[in-house]
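Q: no FASTA, just this:
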């Protein structure tokens, strides 16, 4: 850093710029001047080159030695610091613009009530920054910014990282505003079992499962998907509570219930972090197994498979027997490659959920 900086037509002078003039006009060497100022030649050199800020002690010594006021020197330093901060803020805004370029402001406007600011990119950035409660949007470029990224996600793109972090940040901020009982593992089992009775209640299930998990100290949040996040869900400890978030990306009923119980599986196993699509690794396999076996009891499923009857009637009858949404059975059959994903039965059994904020 020099003793002055030029940026966008503005110039900021460090106090060292003026002190250097005084030293030159005095006819003294820097070493002699430093001795008279009661400092070291090294400290004086750093100050003259703008490498060191003017301290209160040094401002007082200069005021006494050259006959200027203490406030004069501190005002120079403060003015320099303010301009430097302004320069850095403008540079940071340019970096934020790069982050913002991969986002769609409509997502925040339409889902969270941010103001309509057509073509006002910088104002949109400020609105999103304030909504997310961060100093800069650039923080979302950091892996593990909001919650742990598992080892199997090393190859995801920066765009995925930014969008996933933003979704977790939104959910975290919502959870922080929610006063819930402390997490109680003993109440989690009953919350899980009660939730399983609601898979066919497509019109009214969400507030019911949200409340039952709330009673166990789990804050359940469902968000509209931020396109390109590749995020399925996330779990995070927040104080004495646990936040569980899922989104509505491709949320047919069977996918929603599997995703929800996948995340609950992470909670049961004390594994917190982000779940991406097609993620691998032991924690994901364990969470998948938890969701799979909770949604369809293994022994019941084995007996059903042995009959080799996968007609609509048979699927519905089996689903009714185990008290589950028939789409959950269909989804399991598709995942096990017994029924194709383009099978016409899917249109007759699946329901699509949509989050309304």
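A: Perfect, thanks for sending it. Everything numeric here is computed off the predicted structure, so don't read it as measured data. Residues are numbered from 1 along each chain as shown.
Q: contacts for the helix or strand where residue 33 lies?
A: Using DSSP states H and E, residue 33 maps to helix 30-36. Applying Cβ atoms under 8 Å, 6 or more residues apart in numbering, the contact partners of helix 30-36 are 23, 26, 28, 40, 41, 43, 44, 45, 48, 65. Where you see a C-beta, it was placed from the backbone N, CA and C, and this is true even at glycine.
Q: run a quick neighbour tally on the second one.
A: Yep, that's residue 26 we're talking about. Neighbour count for residue 26, taken as other Cβ atoms under 10 Å: 13.
Q: do you know how far the closest residue to it other than its chain neighbours is from residue 14?
A: Residue nearest to residue 26 in three dimensions, not counting chain neighbours: residue 33, with 6.2 Å by Cβ to Cβ, 6 or more residues apart in numbering. Counting by Cβ to Cβ, to the nearest Å, the gap from residue 33 to residue 14 is 17 Å.
Q: equivalent analysis for residue 60, please.
A: Taking Cβ to Cβ, one finds residue 60 at 18 Å from residue 14.
Q: ends of stretch 53-73, how far apart?
A: 11 Å (Cα to Cα, to the nearest Å).
Q: now that stretch: buried residues?
A: For stretch 53-73, a neighbour-count test (16 or more other Cβ atoms under 10 Å) marks 54, 58, 59, 61, 62, 63, 73 as buried.
Q: the second one: which element?
A: Looking back up the chat, that one is residue 58. Using DSSP H and E, residue 58 falls in helix 56-66.
Q: could you pull out the strands for the stretch 201-350 of the chain?
A: Secondary structure of the stretch 201-350 of the chain (DSSP state E, counting those that start in this stretch): strands located at 218-223, 231-238, 241-247, 273-276.
Q: and the residue nearest the centre of the chain, what is it in contact with?
A: Nearest to the geometric centre of the chain sits residue 165, at 2.5 Å (Cα atoms, centre = their mean). Residues near residue 165 by Cβ under 8 Å, 6+ apart: 139, 140, 142, 145, 146.
Q: which of those are buried?
A: Those of the contacts of residue 165 that meet the buried threshold are 139, 140, 145, 146, by 16+ other Cβ under 10 Å.
Q: skipping its backbone neighbours, what lies nearest the third one in space?
A: If I follow you right, that is residue 145. Per Cβ to Cβ, 6+ apart, closest to residue 145 is residue 165, 4.8 Å.
Q: in whatever helix or strand the one you found lives in, what counts as buried?
A: In this assignment (DSSP H and E), residue 165 forms part of helix 158-176. Residues 159-172, 174-175 are the ones in helix 158-176 that count as buried (16+ other Cβ under 10 Å).
Q: with stretch 273-285 instead?
A: By neighbour count on 16+ other Cβ under 10 Å, the buried set for stretch 273-285 is 273, 274, 275, 276, 279, 283, 284.
Q: span of that stretch from start to end?
A: Start-to-end span of stretch 273-285 (Cα to Cα) is 14 Å.
Q: how far does it sit from the chain's center?
A: Distance of stretch 273-285 from the chain centroid (Cα atoms, centre = their mean, to the nearest Å) equals 17 Å.
Q: now what about it, what contacts it?
A: 147-153, 156, 160, 164, 168, 230-235, 259, 262-263, 266, 269, 271, 287.
Q: of those residues, grab the buried ones for PyMOL.
A: PyMOL command restricting those to the buried ones, with burial defined by 16+ other Cβ under 10 Å:
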select buried, resi 147+149+150+153+156+160+164+168+230+231+232+233+234+235+259+262+263+266+271+287
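Q: quick one on the thing from earlier: name the nearest of the contacts of helix 30-36 relative to residue 240.
A: Closest to residue 240 out of the contacts of helix 30-36 is residue 43 (50.0 Å), distances taken as Cβ to Cβ.
Q: quick one: pLDDT of the closest one?
A: Residue 43 carries a pLDDT value of 94.
Q: got it, and residue 154?
A: Residue 154 is assigned a pLDDT of 61 by the prediction.
Q: residues of stretch 197-208 that come out buried?
A: Under the neighbour-count criterion of 16+ other Cβ under 10 Å, stretch 197-208 has 198, 199, 200, 205, 206 buried.
Q: looking at those residues, which is nearest residue 84?
A: Within the buried residues of stretch 197-208, proximity to residue 84 (Cβ to Cβ) peaks at residue 206, which comes in at 50.1 Å.
Q: quick one: low-confidence parts of the stretch 251-357 of the chain?
A: Applying pLDDT under 70 to the stretch 251-357 of the chain flags residues 357.
Q: where do the helices of it begin and end?
A: Using DSSP state H, counting those that start in this stretch, the helices assigned to the stretch 251-357 of the chain run over residues 253-268, 282-295, 298-307, 312-321, 326-335, 345-349.
Q: redo the ones you listed as CSV? Include distance to residue 105.
A: Shown next, in CSV, are the helices of the stretch 251-357 of the chain (distance: least, Cβ to Cβ, whole Å):
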stretch, distance to residue 105
helix 253-268, 27
helix 282-295, 33
helix 298-307, 45
helix 312-321, 42
helix 326-335, 34
helix 345-349, 34
